[in-house]
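*Asks:* I would like to see how this sequence folds:
(one chain, ligands or ions: 1)
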Amino acid sequence: MKKDLFQPASTCRLWMLGLFVFIAANTQAQPTSITLDLTKPGASVSPMLYGLMTEEINHSYDGGLYAELIRNRIFKDNPTRPEGWSLVQDDSAGSKATIKLIAANPDNVPFDERRHAINGALQTCLRLTVEKAGSRVGVANEGYWGIPVRPGTTYKASFYIKGSGSFQPPRRPGAQQPAQPAGSQIEDNTAGPLTVTIESPDGKTVYAKGTIDLAKSIFWKKYELSLTTGTDVKPTADARFVISTNRTGLYYFNLVSLFPPTYKDRPNGNRPDLMKMMVDMKPRFLRFPGGNFLEGPLITDAFPWKTTLGPLENRPGHRGSWSYRPSDGMGLLEFLLWCEDIGAEPVLAVYAGYSLNGDHIDAGPLLKPWVDDALEEIEYVTGDAKTLWGARRAADGHPAPFKLKYIEVGNEDWFDRTNSYDGRFNQFRTAIEAKYPQLVCISSIADAQYPNLKVTTGKKPAVLDEHYYRNSWAMWENASQYDSYDRKGPKIFVGEWATREGAPTTNLNAALGDAAWMTGMERNSDIVIMSCYAPLFVNVNTATAAMPRAWQWDSDLIGYNALSSFGSPSYYVQKIFSDYLGDKIVPATAENIPTQTRPLTRRDSVDNITPKPVPMVFYAATRDQKTGAIYLKLVNTTGKQQPVEINLKGAAKVSGDATLVVIKGDKPEDTNTIRDPEKIVPVTQKITGVSPTFTRTLDPYSVNILQLQAGK
Ligand code: AHR
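*Replies:* Numbers count the residues shown, from 1 in each chain. Below is the predicted model:
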């Protein structure tokens, strides 16, 4: 009876349990699947898709790629103190010495100080006054957070110096002269040997040593020497550069320089490790010189390409945009040589009359000099040696013109909400296209981002530059934004973007945001013709007692200190996406991609936002027409394994073997650092069992590239 009574209930329970199991099984039975349609020819992948963007930020050049080791070599970094320099006085009891910045240009400095300028660019120098000589006195430079020392390495040192203790230049009638020149009471013993060393900060360990013989002269003279470290020294960045004497007098220094070996041994060249990291990325272009660095804080601080040319003696540097003064050792020609060395095409940004403080120059006659300046700059890059600026380039050492197709007019001109860009862009484009019809002008305002600030004068810009700095959720949410862009154009240059998580370099979660975003660009690379991550470089040194930390912008691609460098997880994503790229897009569709919704933030309720569910898995595929290789990129943004069924529709012959490249980690916060540079790196393996339909289980937090071989 009891049994009977319970019969219906238990039947019901069993039935419900069965239904639950059925639903659960059925849910699991709906596999995530991605179908690559090999029957349809896809659009072409832009041959310029992946490139690099650079500017002087985070000590990208000075204290970064540009191999110069002396900080503040022309003493202009700080008008009040000789930043980076200090007095060396080993025998404090016996010697009496001081150092002083001598700024020659301001009108209000005494005549005695003004007479120490070398030329219009080198107007500030450092004076070492040795009143009483002890065993050793001198000047030390700390470099950019240390001078890197490596075994068996030759460094090229050079500097301008003059010693003029009590020397009185002959007085001409009426000439302005100080009654009592500085140091006239100090005995001038400056002529003679000076010692030049790379040594430990306490001076106890000397890594490399040389001497110069200082002539007795009141005139500036350049001295050069080589310093070679022993083969047994241990690499360190904890070193300084010192020029010292043991004789009394006044010593004046300017343009003090120390170069380690450079990439391809170029004089005034670049750090080999950083160059190699870029070469490994196979970038198709380099966008330079900025970024904010192009514009400068004020109109007068725009990138002064003309004073970045020629001998270092003629480069005064200028006020940068990121809180330190660029030396401009990385000048226009050095940018172009950098492109040449990494096999990238220049994408030249020209100043377009808008600066960071919000000032702009209206289109019309006032803007004309700037337009002319841009035309001259383009001539320097592309003109043959018979043109004025092409001849200047040839004289600077590069007779052959550089290849150039894209000119970006300004940077982020959307900041000028008065829409002055409309007229400015049109004036630049009209003049550039009239002289150089082969060039394409890129607008620095994107319709999608700033619909109210469109360029409406003249024809529509052919290419728009969009910038996106977002967190990973926003990257995942917007990864398919280009799927719905108008195929008729304009084309899109994603000229700056990054998933900003992790500092100073990005972490794994940022790399998962980047990779998802890149699948969206790659799938749409008929319209997205160029993409470059920003910022590219960061010096990762933290603050010292004397200097602030080296970087101004968090979440960067490549980190370094004076001695070593490393790629962030984002760097490796850029590298493998560029490495494994076909020339045709393979149309792909997906089913049952699981979704997730980000946690609510306080801001959401203020802004009345309900977060949208975002996919957990992202994908894109391209094919190399010549080799038949298919590159399928799959991103699993979650901490769980994700099985994905892959269908190769229309593939007649599929090789059972494939190559898999994976970047993955245990936690979203995992990252690479100077101490642990290879925690997250791509791992390549062979896999088997590939067929027209097969399942691949993606590891948690992973970016995967499958290189498949299939014939139609
Ligand atoms: O990449 C850092 C800065 O971000 C760039 O200088 C500027 O263009 C953007 O606002």
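*Asks:* closest residue of the stretch 551-700 of the chain to the ligand?
*Replies:* Of all residues in the stretch 551-700 of the chain, residue 553 sits closest to the ligand, with a separation of 5.3 Å (Cβ to the nearest ligand atom). No exception for glycine: its C-beta is placed from N, CA and C like everyone else's.
*Asks:* tell me which element that residue is part of?
*Replies:* Counting by DSSP states H and E, no helix or strand carries residue 553.
*Asks:* which residues sit in contact with it?
*Replies:* Contacts for residue 553 (Cβ atoms under 8 Å, 6 or more residues apart in numbering) come out as 57, 58, 322, 535, 538.
*Asks:* what sits against the spatially most central residue of the chain?
*Replies:* In the chain, the centroid-proximal residue (Cα atoms, centre = their mean) is residue 536; its distance is 2.8 Å. Contact analysis of residue 536 by Cβ under 8 Å, 6+ apart lists 52, 53, 54, 60, 556, 557, 558.
*Asks:* turn the residues you listed into JSON lines, columns for neighbour count.
*Replies:* Output for those, formatted as JSON lines (neighbours: other Cβ atoms under 10 Å):
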{"residue": "52", "neighbour count": "26"}
{"residue": "53", "neighbour count": "27"}
{"residue": "54", "neighbour count": "25"}
{"residue": "60", "neighbour count": "27"}
{"residue": "556", "neighbour count": "28"}
{"residue": "557", "neighbour count": "29"}
{"residue": "558", "neighbour count": "27"}
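*Asks:* which of those residues are close to the ligand?
*Replies:* By Cβ under 6 Å from any ligand atom, no member of these lies near the ligand.
*Asks:* filter these down to just the ones in helices.
*Replies:* Judged by DSSP state H, those include no members of helices.
*Asks:* picking up where we left off before, filter the contacts of residue 553 down to just the ones in strands.
*Replies:* residue 538 (DSSP state E).
*Asks:* isn't residue 220 up against residue 161?
*Replies:* Yes: counting by Cβ atoms under 8 Å, residue 220 does reach residue 161; the two are 7.4 Å apart.
*Asks:* what residues does the chain put near the ligand?
*Replies:* Checking the chain against the ligand by Cβ under 6 Å from any ligand atom, the hits are 55, 57, 290, 291, 292, 411, 412, 496, 534, 535, 553.
*Asks:* what about 5 Å?
*Replies:* Contact residues, the chain versus the ligand (Cβ under 5 Å from any ligand atom): 291, 292, 412, 534, 535.
*Asks:* from the residues you listed, which single one is nearest residue 395?
*Replies:* Closest approach between the residues of the chain next to the ligand and residue 395, by Cβ to Cβ: residue 291, at 28.7 Å.
*Asks:* residue 597: what's its closest spatial neighbour, skipping adjacent residues?
*Replies:* Sequence neighbours aside, residue 613 is the residue nearest to residue 597 in space, at 4.8 Å (criterion: Cβ to Cβ, 6 or more residues apart in numbering).
*Asks:* mind checking what helix or strand follows the lowest-mean-pLDDT helix or strand in the chain in sequence?
*Replies:* In the chain, the helix or strand scored least confidently by mean pLDDT, DSSP states H and E is helix 2-29, which has a mean of 40. Following helix 2-29 in sequence order, the next helix or strand is strand 32-37 (DSSP H and E).
*Asks:* neighbouring contacts of that following strand?
*Replies:* Under the contact criterion Cβ under 8 Å, 6+ apart, strand 32-37 has outside partners 586-594, 617, 619, 621, 630, 632, 634, 642-650.
*Asks:* give me the buried subset of the residues you listed.
*Replies:* Among these, those classed as buried by 16 or more other Cβ atoms under 10 Å are 586-588, 593, 617, 619, 621, 630, 632, 634, 642, 644, 646-649.
*Asks:* so of those residues, which two are at opposite extremes in space?
*Replies:* 587 and 642, at 22.0 Å, using Cβ to Cβ across the buried ones among the contacts of strand 32-37.
*Asks:* residue contacts, residue 234?
*Replies:* Applying Cβ under 8 Å, 6+ apart, the residues near residue 234 are residue 151.
*Asks:* Three-state assignment for it, please.
*Replies:* The three-state label given to residue 234 by DSSP: H, G, I helix; E, B strand; the rest coil is coil.
*Asks:* low pLDDT regions in the stretch 1-150 of the chain?
*Replies:* The model of the stretch 1-150 of the chain has pLDDT under 70 over residues 1-29, 91-92, 105-108.
*Asks:* for the protein, just list every one of the helices.
*Replies:* Counting by DSSP H, the helices of the chain are 2-29, 111-114, 272-280, 292-295, 332-342, 368-382, 388-395, 421-435, 472-478, 508-523, 569-579, 602-607.
*Asks:* hmm, back to that, give me the common contacts of residue 220 and residue 161.
*Replies:* Common contact partners of residue 220 and residue 161 (Cβ under 8 Å, 6+ apart): 252, 254.
*Asks:* comparing these two, which residue is more hemmed in?
*Replies:* A count of neighbours by other Cβ atoms under 10 Å puts residue 161 above the other of residue 220 and residue 161, at 24 against 18.
*Asks:* pLDDT at the more buried one, what is it?
*Replies:* pLDDT recorded at residue 161 is 97.
*Asks:* once you drop chain neighbours, what's closest to it?
*Replies:* Of all residues not flanking residue 161 in the chain, residue 253 sits nearest, at 5.5 Å (Cβ to Cβ, 6+ apart).
*Asks:* distance check, the one you found against the ligand.
*Replies:* 33 Å (Cβ to the nearest ligand atom, to the nearest Å).
*Asks:* pull the contacting residues for that residue.
*Replies:* Counted by Cβ under 8 Å, 6+ apart, residue 253 has contacts 125, 126, 127, 128, 139, 159, 160, 161, 243.
*Asks:* compare the residues you listed and tell me which is most surrounded.
*Replies:* residue 125 (27 neighbours).
*Asks:* so that one sits against residue 256, correct?
*Replies:* No: with contacts counted by Cβ under 8 Å, residue 125 stays clear of residue 256, the gap being 9.7 Å.
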